[in-house]
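Chemist: the following block contains a protein sequence and its predicted model.
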Amino acid sequence: MKKQILFLTALFTLAYSFAQVRLPKLISDGMILQRDAKIKVWGWASKNEKITVTFNKRVYKTQADVNGEWAIWLSPVKAGGPYAMNIKASNTIAINDILAGDVWLCSGQSNMEYQLGYDDATYAREMAEVNYPQIRQFKVPNRPLLDAPNNEMAGGAWKTANPKDIAPFTAVGYFFAKNLYEKYHVPIGLINSSVGGTPIEAWISEEGLKEFPSIISTVEKNKDTSYINSMRRGGGFPRQQPQQTITDKGLMGPITWFDPAYVPNGWSAITVPSFWEDQGVKDVDGNVWFRKEVEVPASMIGKPARVYLGRIIDADVLYINGKQIGRTGSLYTERRYTIPVDILKAGKNLFVVKITNNSGKGGFVPDKPYYLFSGNDTVSLEGRWQYKVGEVFVPRTANGNGAGFVSAQNSPTALYNGMIAPVINYTIKGFLWYQGESNITRAKEYAALQKAEINDWRKKWSLGDLPFLFVQLPNYGDHTYLPAESSWAQLRESQFKALALPNTGMAVTIDIGEWNDIHPWNKHEPGRRLALLAEKIVYGENIIATGPLYQSHKTEGHKIIIAFTNTGSGLTTNNGEAPAEFAIAGKDKKFVWAKTKIDGDKVIVWNDDIAEPMYVRYAWAESPPYPNLYNKEGLPASPFRTDDF
């Protein structure tokens, strides 16, 4: 009898638990709802269960369907708050501290994901003094799904812009929100769904990719369980980073390489900062150790000290005099380590850095700060170091066919399924997008893919032509001083073409990248430029929100005359010189640098050696050294070309 009672009790408890009304993670304390729009609230409950929602002094009622799913639309509310919401079924959920304002979905790869906390020196004051309780972020957890969309996410919570919670905020999104909030004083919500290193097709639904047969073929393969299992066996899904193990010679002993008692044998000289592939260490993915004896003056001893190690690709561990001082696993983060006061000594100090690189070039990123700092004293860490390879990673292949491993999160639809689909019920104001680096090798295709993404997302939200504001890729890579072809320039051109769709805006950033860093530290200016676009496109301000954009051209004699839109108060250059980075070609299609002059809202270009010019390009390079064409509002012109070969 006792067993029967326990069984019935357990059964009743189980049944009751299934009857509990549940909400998606987005609908929770501190959320920001979209003002002046119908608001969808949804969730799960027991089959046919009745649900009551109370919000803003109004009561709404609905009933779950046979699958236990339910949804209800709330009437629009004005900006402000805080509001409270109660959802009642067999249980009651209370949601507090709700604001109404404007909600933006922030998405893309690492430059959108880039957090304020990744650069705690550049943004130290910003993070220490931030006090915007009406700017809030919800970070969507990284969750690639290969088979089908999911309507819920694994976790997440709304956080306000305060010193304790600001570090994980998307930097671009935060500065966008800050600019808008300071102008309009309307709460701004950021739903941050971004993942570094991901291609655009990972963010588009299967329906949105239907015009791309080769991509759809991959989507279909990824639904095949046996195929996925074979990929996993071959190192394909999910992407696995090589593991650091005792196979690293520097850790095997009997004396580790960071121990002051270790006597270096077979080490070679190298210059820091640099990438080891640029100094004779070819195609090494693995662990490379660096060591240097650093002379420290007595004036620095017994005081708080910090070591600045710029940026390192990909991960590092720093040892000083045999003690671990710090470690970083992210390739985005500036290395700034605090040194305990008892570590340094007057005279020679052994600095050892173990760098782990998984792909591409590894090492110390040039043109970053590398020094020891204490009080008013600094000691440079640049110059000659010694290095030795501790471990070389064996390249992974999919199914042993040499095709290379494939990352689940980089697969078509995977991030849409796991990180966009759970958001589409949430009413938003628009989209912010910063991505493209991972599609560089397919730059031409990007034009169609970005238009497909915009149309796909707008269709999924069913809120009309929601504003889609995006960042055009900045300058990156080595400067070139002769006209040349460029995949980065071609991808920027593909991004430009998205402006053919209504309610789109492009923030040009050809002037604020870094040649040596695919993740430029300047995130406040892209955020500001996106905010300018929002002010014009969304809030109806009569302003110039972007730099000059190519409109048309015509040939007169041996000159080409180029017309632009968004010239504002007039064309100018940011250095007072004639417009630079213009190249011109005749029918032989061989580009040479052009002479230039500004004539009102036009630029005239020519070369005395080309009698019949046919084509012109501007800033057509990975990292053009002198892109100086602006409007007088201080916004740069977008790169462009008039040819299509």
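Modeler: Ah, there it is. Predicted, not measured: the structure shown is a model, and the values here were computed from it. Numbers count the residues shown, from 1 in each chain.

Chemist: spell out the residue ranges of the helices in the protein.
Modeler: For the chain, helices defined by DSSP state H occupy the ranges 2-19, 110-113, 124-129, 171-184, 213-222, 225-233, 249-252, 414-415, 443-461, 487-496, 524-537.

Chemist: would you mind finding the most buried of these?
Modeler: Mean neighbour counts were taken over the helices of the chain using mean count of other CB atoms under 10 Å, and the top value, a mean of 28, falls to helix 414-415. Every residue, glycine included, has its C-beta placed from N, CA and C.

Chemist: for it, what does the pLDDT average out to?
Modeler: Confidence for helix 414-415, expressed as mean pLDDT, is 96.

Chemist: domains of the protein: list them as residue ranges, please.
Modeler: By the record's domain assignment, the chain is partitioned as 249-392, 549-641 (automatic domain parsing).

Chemist: can you tell me which of the ones you listed the model trusts least?
Modeler: Among the domains of the chain, domain 249-392 scores lowest, at a mean of 94.

Chemist: how long is that one from one end to the other?
Modeler: Across domain 249-392, the terminal residues are separated by 10 Å (CA to CA, to the nearest Å).

Chemist: when you give positions from now on, start the count at 54
Modeler: Taking 54 as the first residue, the last one we looked at is domain 302-445.

Chemist: just to revisit the earlier point, lowest average pLDDT across the helices of the chain?
Modeler: Here the helices of the chain differ in mean pLDDT, and the lowest is helix 55-72 at a mean of 45.

Chemist: of all the helices of the chain, which one is nearest residue 101?
Modeler: Distance to residue 101, taken as CB to CB, is lowest for helix 55-72 among the helices of the chain, at 10.5 Å.

Chemist: surely residue 99 and residue 123 touch.
Modeler: No: using CB atoms under 8 Å, residue 99 is not in contact with residue 123, being 10.2 Å away.

Chemist: shared neighbours of those two, anything?
Modeler: Residues touching both residue 99 and residue 123 (CB atoms under 8 Å, 6 or more residues apart in numbering) are residue 117.

Chemist: residue 617 against residue 623, yeah?
Modeler: No: taking CB under 8 Å as the definition, residue 617 is not a contact partner of residue 623, at 10.6 Å.

Chemist: so which of the helices of the chain comes closest to residue 196?
Modeler: With CB to CB, the closest approach to residue 196 among these belongs to helix 467-468: 8.2 Å.

Chemist: which other residues reach the closest one?
Modeler: Helix 467-468 is contacted from outside by 197, 198, 199, 246, 248, 251, 255, 256, 275, 461, 462, using CB under 8 Å, 6+ apart.

Chemist: kindly recompute the last result at 10 Å.
Modeler: If you take CB atoms under 10 Å, 6 or more residues apart in numbering as the criterion, helix 467-468 is touched by 160, 162, 193, 195-200, 246-248, 251-257, 272, 275, 290-291, 460-462, 474.

Chemist: and if you look at stretch 623-632?
Modeler: Under the contact criterion CB under 10 Å, 6+ apart, stretch 623-632 has outside partners 564, 600-601, 615, 617, 633, 647-658, 671, 679-687, 689-690.

Chemist: hmm, 7 Å instead?
Modeler: Contacts made with stretch 623-632 from outside it, assessed by CB atoms under 7 Å, 6 or more residues apart in numbering, are listed as 601, 617, 649, 650, 651, 654, 656, 681, 682, 683, 684, 685.

Chemist: among the residues you listed, name the buried ones.
Modeler: With burial judged by 16 or more other CB atoms under 10 Å, the buried subset of the contacts of stretch 623-632 is 601, 617, 649, 651, 654, 656, 681, 682, 683, 684.

Chemist: distance between the ends of stretch 377-391?
Modeler: Counting by CA to CA: the opening and closing residues of stretch 377-391 are 11 Å apart.

Chemist: list the buried ones in it?
Modeler: Along stretch 377-391, these residues count as buried under the neighbour rule (16+ other CB under 10 Å): 378, 379, 381, 384, 385, 386, 387, 388, 389, 390.

Chemist: from those, which land in strands?
Modeler: 378, 379, 381, 389, 390 (DSSP state E).

Chemist: residue 429: neighbouring residues, count only.
Modeler: Per other CB atoms under 10 Å, the neighbour tally for residue 429 reads 7.

Chemist: give me the distance between it and residue 421.
Modeler: Distance, residue 429 to residue 421, using CB to CB, to the nearest Å: 22 Å.

Chemist: re earlier: now distance to residue 540 too, for the domains of the chain, in CSV please.
Modeler: Formatted as CSV, the entries for the domains of the chain read as follows, by distance: least, CB to CB, whole Å:
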stretch, distance to residue 540
domain 302-445, 16
domain 602-694, 8
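
Chemist: tell me which of those domains sits nearest to residue 516.
Modeler: domain 602-694 (26.9 Å).

Chemist: and the closest one, how far apart are its ends?
Modeler: As for domain 602-694, its first-to-last residue distance stands at 11 Å under the measure CA to CA.

Chemist: starting at the chain centroid, how far to it?
Modeler: A distance of 31 Å separates the centroid of the chain from that of domain 602-694, by CA atoms, centre = their mean, to the nearest Å.

Chemist: and stretch 324-342, by the same measure?
Modeler: With CA atoms, centre = their mean as the basis, the distance from the averaged C-alpha position of stretch 324-342 to the chain average is 26 Å.

Chemist: go on, stretch 191-199?
Modeler: 14 Å.

Chemist: cool, and stretch 541-554?
Modeler: 18 Å.

Chemist: only alpha carbons, please: show that stretch as PDB.
Modeler: Presented in PDB, the C-alpha positions along stretch 541-554 are these (Å, rounded to 0.1, in the frame of the first residue of the first chain):
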ATOM      1  CA  TRP A 541      38.200  42.400 -49.200                       C
ATOM      2  CA  ALA A 542      37.300  45.100 -51.600                       C
ATOM      3  CA  GLN A 543      35.000  42.800 -53.500                       C
ATOM      4  CA  LEU A 544      33.200  41.800 -50.300                       C
ATOM      5  CA  ARG A 545      32.700  45.500 -49.400                       C
ATOM      6  CA  GLU A 546      31.200  45.900 -52.900                       C
ATOM      7  CA  SER A 547      28.900  43.000 -52.200                       C
ATOM      8  CA  GLN A 548      27.800  44.600 -48.900                       C
ATOM      9  CA  PHE A 549      27.200  47.900 -50.800                       C
ATOM     10  CA  LYS A 550      24.700  46.100 -53.000                       C
ATOM     11  CA  ALA A 551      22.500  45.300 -50.100                       C
ATOM     12  CA  LEU A 552      21.500  49.000 -50.100                       C
ATOM     13  CA  ALA A 553      19.300  48.300 -53.000                       C
ATOM     14  CA  LEU A 554      16.800  46.900 -50.500                       C
END
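
Chemist: neighbouring contacts of that stretch?
Modeler: 489, 492-493, 496-497, 499-500, 503-504, 507, 523, 525-526, 529-530, 557, 559, 673-675, 691-694.

Chemist: and what of stretch 644-659?
Modeler: Here stretch 644-659 makes contact (CB under 7 Å, 6+ apart) with 536, 611-617, 620, 623-624, 631-632, 635-638, 660, 666, 669-670, 682.

Chemist: can you rerun that using 8 Å?
Modeler: 536, 611-617, 620, 623-626, 631-633, 635-638, 660-663, 666, 668-670, 682.
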